[in-house]
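> A predicted structure for the sequence below; I have some questions about it.
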Amino acid sequence: MSVLSGLKSAAKASAAGSARLPPLPTIGEILRMYRLKALKHLSQNFLLDTKLTNKVVKAAGAVENCSVLEVGPGPGCLTRSILNAGIRDLTLVEKDIRFIPALQQLQEASSIPVSIRQGDILKYPLQDIFPEDSVRDWMDDQLPPIHVMANLPFNISTPLIIRWLEDISTHSGLFRYGRVRMTLMFQHEVAQRMIATSGDLERSRLSVMIQNYCNVQYCFPIKGSSFIPKPEVSAGVVHLWPLKEPVMKLPFKLTEKVVRNTFTHKRKKILKAIELLFPASHKHLGAEMLQRSGIDPEVRAHLMGLDEFDALCRAYDSICDAYPIMRSYQFR
């Protein structure tokens, strides 16, 4: 009997009495079976330890009867723990076509509906992947029965979360369903930046943008030695869910532009960075912007709180009303 036929038989026997996966080849055996190796240019690192993948799922909280999206499942390490958590259905978005056969094995072995989508998560449309009965009003205290989980490739983690923050700001894409929860693995340093508060030297553009749109909770670290191949850095698991309302309520692109420029020279006085929002011919508008916002020109960006960034963004917006061409100006 082939491995696939055996899995089909085991799945049928399992479906009648339990939603848990039947006995399966180990991930190590799957990697050997399909001759799969992590690709460095895709920043692939596999977490094979079931205790750790179970811990990630546990950190997500109550996922029973939820729809789950897993980003970049690879050979299915985290996927197995998700499928054993009593979820309603699972959608997998995987860029690397080499992993599709291994994921199809899990799909056929599972008594839970599993949808496999091949594509780049940075470009993949997510607005229609969940059942319509999952939609919840944004202001509802009850969050959607949806959860996103991922061992994110380190090279796409920041661009992806920035894209999702923009969708959160407009309640679109993945977040048209409501305030969807996310439990994600990031490079440890990135995870630390996400939770850094004002005064912390790790505070950055990512800190401010994340905290403006989301509740953020650092769950636990994972040593680099837990991954295959071993990355040069450790990872951190972070739990996120959108706020009902951001502190900075201006358009996302304006807010992100001001915050990004403010941290261009994060260890220097803020005036130097603010001046970069304007061409050299209008450099004086940097001082005017700080005067309008009431921000001390001597302060450093990492010392500022969300209310101060809000004042800064509003001052920039008012200057752009007077000088509309400034909205499109980019120093870089």
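Cool, got the structure. Residues are numbered from 1 along each chain as shown.
> contacts and neighbour counts: CA atoms only from here.
Noted.
> can you give me the strands in the stretch 201-332 of the chain?
Counting by DSSP state E, counting those that start in this stretch, the stretch 201-332 of the chain forms strands over residues 214-222, 227-228, 235-242, given from the N-terminal end onward.
> nearest to Met248, out of those?
strand 214-222 (11.9 Å; Cα to Cα).
> so what's the gap between the closest one and the chain middle?
In terms of Cα atoms, centre = their mean, to the nearest Å, the centre of strand 214-222 is set 11 Å apart from its chain centre.
> run me through the strand neighbours of that strand, direction for each.
For strand 214-222, the paired strands and their directions (DSSP bridges) read strand 235-242 (antiparallel).
> send me the partner strand as CSV with only the CA atoms.
Taking only C-alpha atoms (Å, rounded to 0.1, in the frame of the first residue of the first chain), the coordinates of strand 235-242 have been written out as CSV:
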residue,chain,number,x,y,z
ALA,A,235,12.6,34.1,17.1
GLY,A,236,9.8,35.6,19.1
VAL,A,237,6.1,34.7,19.1
VAL,A,238,3.7,37.7,19.1
HIS,A,239,0.0,37.8,19.5
LEU,A,240,-1.8,40.8,17.9
TRP,A,241,-5.4,41.9,17.5
PRO,A,242,-6.6,45.2,16.1
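> state the mean pLDDT of that strand.
For strand 235-242, mean pLDDT is 97.
> contacts for that strand next, please.
Outside strand 235-242, the residues within contact range by Cα atoms under 8 Å, 6 or more residues apart in numbering are 56, 59-60, 168, 179-189, 191-192, 213-224.
> buried among these? Make that a PyMOL selection.
Buried members of the contacts of strand 235-242, identified by 16 or more other Cα atoms under 10 Å, are gathered into one PyMOL selection as follows:
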select buried, resi 56+59+60+168+179+180+181+182+183+184+185+186+187+188+191+192+213+214+216+218+219+220+221+222+224
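> report all helices and strands that whichever strand or helix holds Ala102 contacts.
Using DSSP states H and E, the secondary-structure element containing Ala102 is helix 100-109. When contacts are defined as 3 or more Cα pairs under 8 Å, 6 or more residues apart in numbering; DSSP states H and E, helix 100-109 packs onto helix 3-17, strand 114-118.
> now it: buried residues?
Going by 16+ other Cα under 10 Å, helix 100-109 has these buried residues: 100, 102-109.
> and stretch 27-46, by the same measure?
Of all the residues in stretch 27-46, those buried under the rule 16+ other Cα under 10 Å are 27, 30-31, 44-46.
> need the CA coordinates for it. CSV is fine.
What follows is the C-alpha trace of stretch 27-46 in CSV, where atoms were taken according to Å, rounded to 0.1, in the frame of the first residue of the first chain:
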residue,chain,number,x,y,z
ILE,A,27,8.2,16.1,9.2
GLY,A,28,11.8,14.8,8.9
GLU,A,29,10.5,11.9,6.9
ILE,A,30,8.4,14.2,4.7
LEU,A,31,11.5,16.3,4.0
ARG,A,32,13.4,13.2,3.0
MET,A,33,10.5,11.8,1.0
TYR,A,34,10.1,14.8,-1.2
ARG,A,35,13.8,15.9,-1.0
LEU,A,36,12.9,19.2,0.5
LYS,A,37,15.5,21.7,1.7
ALA,A,38,15.1,25.1,3.1
LEU,A,39,16.0,27.9,0.6
LYS,A,40,18.1,30.7,2.0
HIS,A,41,16.8,33.3,-0.5
LEU,A,42,13.2,32.6,0.7
SER,A,43,14.4,32.8,4.4
GLN,A,44,13.0,29.4,5.1
ASN,A,45,13.6,27.7,8.5
PHE,A,46,11.5,24.8,9.7
